[in-house]
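J.: missing the sequence, but the structure's below:
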C-alpha cells in the first residue's frame, strides 16, 4: 500500500512539472518592486470609464500637428482629389521608407505591386481590391491621402497607424507603383 | 425578268435575315452570360463594396436584375448606365438612382467605364445564380474530421489499454504473492526471513563513509533544487492566459501573413509595442464577418471562431446587419502577458526600428501560436546575453558611424556588440 502512495505522489509531481504552460502568472519576490503605484499602460484606472488609456482632451493637438481640414465625405474626397498635393519635395521623399511602410500596412490587401493582389485577396479573405491603375478611379496624391486618412468604403482609416509625414511617404510610393503599373 | 426581280430581292432578304439573326444572338447573349467569368469580374471589381447575400458598403446583389425589374420596373439598360457611370444617372434625376444613393448615405459608386456589355452580362449571370447550399463544402470537411478524430482516439485507446494492462499485471503479481504466502502459512512452512544477518540498511547506517557521502549528495541535490526554484520566481516563461477574445496569432500572422507591425504599429515608434485598438481589427473584419470552413481546426470549430468575431463586433459596437457603428463600445480586458518589472526600462522602437531585431527573436514563433504565450524568460541574464552576442547593425546608420570607428579601434574588433557599445551599463535600463 505504501508503495502505491509513493507511485501516486511521483505521478502527480511528474504531471505538475510537465505542464509548464500555466494560465496564471508566477509568484513574485517583493511584488511592490515589480508593480509601481502608478497606472500600468492599458491598465485599469480610476477614471469614469475605468481605463487608463484615455482619449486626449477635446481640442488638444500633438506638437507639430497640422490639422486636416477636408472632411470625411464624398465631397471631401473630390475636394482632396482636386486641390490637395504632396507637401514633401523630391529631397524629402524616401521611397525606401515608403516601401517599408506600404508593405506593412497596404501590401497585405493591395499587393506589393499595387495591382490589388495582396495575400488576403489571393486567399479570398477580402475581395474587390482595385488595381492602382484603375481608370474609373484615376487616383492622385490628394485622393490617396484622403483615403489613407479617412478610409473609403470597406477600407478603414490608417490615420492612427501612420503619422502625417509617413502618410505622404506612402502616397509617394503608391504613385510610383501606379506609374510602374501604367508602363 | 424573274431573275432580275429575284436578284433584287435576295440582298434584301439576306440583310433582313442577318438583322434577324443578329438581333436573336444579341438577345441570347443578353439573356445568358458566363457565371464563372462573372465571378472573377465580381471579385475583382464589385466585392470591395458588395456581397451577394449581405449588405455591405452597397446593397446585396443576389438576383439584382430580377429584383429591379419586378420591384422598380428597371431593365438591363438602366443597369448598364448605372454601372458605367452611376453619378451621371443620379444627376439625370432618375428617381430610383437618387433613392438608393441617399439610402446608402451618399456613398458614390465608382464608375466602371471599362466594363463591356458582355462583362456586365457575365456579372449579372453570376448574381442570378442560386445560392449554393453549404452542405457540399461541409460534408468532406466533416468526413476528414471524423477520420482524423478516430486516428487520435485510437492512439489514446492504445495508451489507455497499455496502462490498464500494466495495472492489471502489477495487481496480479501482488495477489499471487499474497496467496502463495497464505498457502505457506496454512501448510506451516516458514518463509526464509534473512537468517540472522544484519539487514542491509543497518549495515549501511553503520558505514560512516557511505553516510557522509550520502549526506553531502543529499544536501547538494536539495540545494540544486532550491536554487532552481528560487531563480524561477518572478519568471513568467510559458505564461499562457486565457484572453477575453480568442485571437489566433497563427491565423493572422502565420496563415495570412499579416505583418506584426500592422497591428502593433507603435512598436516602430514608441516604447510600447501597443495593443491594437479595435478599429485596427475592424479594418479587415468589417469585410470578414465569418471564417472560411478551411480555417476551422479539430480543436476550434468554425462556429467557435465566428462567435469570437461576434464578440469583437459587440466590443467595437459594430452592427453587422446595418453595417454601421452603434456607438456602444466596450473596452476589451486583454490579459497582459509580457510585463517587465517597473524598475527595468525597455524601449520597443530602439530594438525594432534602430537595431532591426525581428519580433520573433524575443517573442518566439508567434506566427505558429494559436494561443499566445511568453516565449522568453525576460530575465536580466537573458537581456545581457543577447547584448553580448549581437553585433550592432551600423550599415546605413550614420548616427553610429563615428562612435563605431572609435570603439572598434579601442576594443580591437571588427564588429562591435551591443555590450561594447554600452549595452551593459546599469543606467541604460535601471534609473
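T.: Happy to help now that I have it. Quantities reported herein were computed from a predicted structural model and do not represent experimental measurements.
J.: Helix, strand, or coil at the residue in the stretch 151-300 of chain B positioned nearest to chain A?
T.: Nearest to chain A, among the residues of the stretch 151-300 of chain B, is residue B:283, at 3.6 Å (Cβ to the nearest Cβ). The way it works is simple: take the backbone N, C-alpha and C, and place the C-beta from them, glycine included. Following DSSP: H, G, I helix; E, B strand; the rest coil, we place residue B:283 in the helix state.
J.: Count the residues that sit near it.
T.: 23 (other Cβ atoms under 10 Å in any protein chain shown).
J.: looking at it, it is touching residue A:152, isn't it?
T.: No: Residue B:283 is beyond contact range of residue A:152, at 11.9 Å (criterion: Cβ atoms under 8 Å).
J.: What is the burial count for residue B:164?
T.: Quick note: residue B:164 (other Cβ under 10 Å) scores 10 neighbours.
J.: Might you report the residue contacts of residue 54?
T.: Because you didn't say which chain, this covers chain A. By Cβ atoms under 8 Å, 6 or more residues apart in numbering or on different chains, residue A:54 lies in contact with residue A:47.
J.: not quite, I wanted chain B
T.: Residue B:54 is in contact with B:60, B:289, counting by Cβ under 8 Å, 6+ apart.
J.: Find me the pLDDT at it, would you?
T.: Residue B:54 is assigned a pLDDT of 73 by the prediction.
J.: Residue B:62 versus that one, what's the distance?
T.: Counting by Cβ to Cβ, to the nearest Å, the gap from residue B:54 to residue B:62 is 9 Å.
J.: In chain A, what residue spans correspond to helices?
T.: A:2-18, A:31-34, A:74-83, A:95-105, A:107-110, A:119-122, A:141-150, A:164-182 (DSSP state H).
J.: For those helices, give me CSV that also has distance to chain B, mean pLDDT and mean neighbour count.
T.: Shown next, in CSV, are the helices of chain A (distance: least, Cβ to the nearest Cβ, whole Å; pLDDT from 0 to 100; neighbours: other Cβ atoms under 10 Å in any protein chain shown):
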stretch, distance to chain B, mean pLDDT, mean neighbour count
helix A:2-18, 9, 57, 9
helix A:31-34, 4, 78, 12
helix A:74-83, 5, 89, 16
helix A:95-105, 4, 92, 18
helix A:107-110, 5, 91, 23
helix A:119-122, 5, 88, 18
helix A:141-150, 12, 92, 22
helix A:164-182, 9, 91, 19
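J.: got those helices as a markdown table, with distance to residue B:32 columns?
T.: As requested, these are exported to a markdown table (distance: least, Cβ to Cβ, whole Å):
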| stretch | distance to residue B:32 |
| --- | --- |
| helix A:2-18 | 65 |
| helix A:31-34 | 71 |
| helix A:74-83 | 36 |
| helix A:95-105 | 42 |
| helix A:107-110 | 33 |
| helix A:119-122 | 28 |
| helix A:141-150 | 37 |
| helix A:164-182 | 33 |
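J.: Out of those helices, flag the one nearest residue B:352.
T.: Nearest to residue B:352, of all the helices of chain A, is helix A:95-105, at 11.5 Å by Cβ to Cβ.
J.: show me what contacts the residue nearest the centre of chain A?
T.: Taking Cα atoms, centre = their mean, the centroid of chain A lies closest to residue A:161, which sits 4.4 Å from it. Residues near residue A:161 by Cβ under 8 Å, 6+ apart: A:105, B:262, B:265, B:280.
J.: Pick the one among these closest to residue A:143.
T.: Of the contacts of residue A:161, the one sitting nearest to residue A:143 (Cβ to Cβ) turns out to be residue A:105, at 17.4 Å.
J.: Enumerate every residue touching the closest one.
T.: A:158, A:161-162, A:170, B:259, B:262, B:265.
J.: which ones among those are found in strands?
T.: Among those, no member falls in strands (criterion: DSSP state E).
J.: Now tabulate those residues in TSV and tack on distance to residue B:201.
T.: Shown next, in TSV, are these (distance: Cβ to Cβ, whole Å):
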residue	distance to residue B:201
A:158	76
A:161	72
A:162	76
A:170	79
B:259	66
B:262	67
B:265	68
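J.: Please check these and keep the buried ones.
T.: Burial of the contacts of residue A:105 was assessed by neighbour count (16 or more other Cβ atoms under 10 Å in any protein chain shown); the buried members are A:158, A:161-162, A:170, B:262, B:265.
J.: how about JSON lines for those residues, with distance to residue B:124 added?
T.: Listed next are the buried ones among the contacts of residue A:105 as JSON lines, based on distance: Cβ to Cβ, whole Å:
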{"residue": "A:158", "distance to residue B:124": "34"}
{"residue": "A:161", "distance to residue B:124": "38"}
{"residue": "A:162", "distance to residue B:124": "39"}
{"residue": "A:170", "distance to residue B:124": "37"}
{"residue": "B:262", "distance to residue B:124": "36"}
{"residue": "B:265", "distance to residue B:124": "41"}
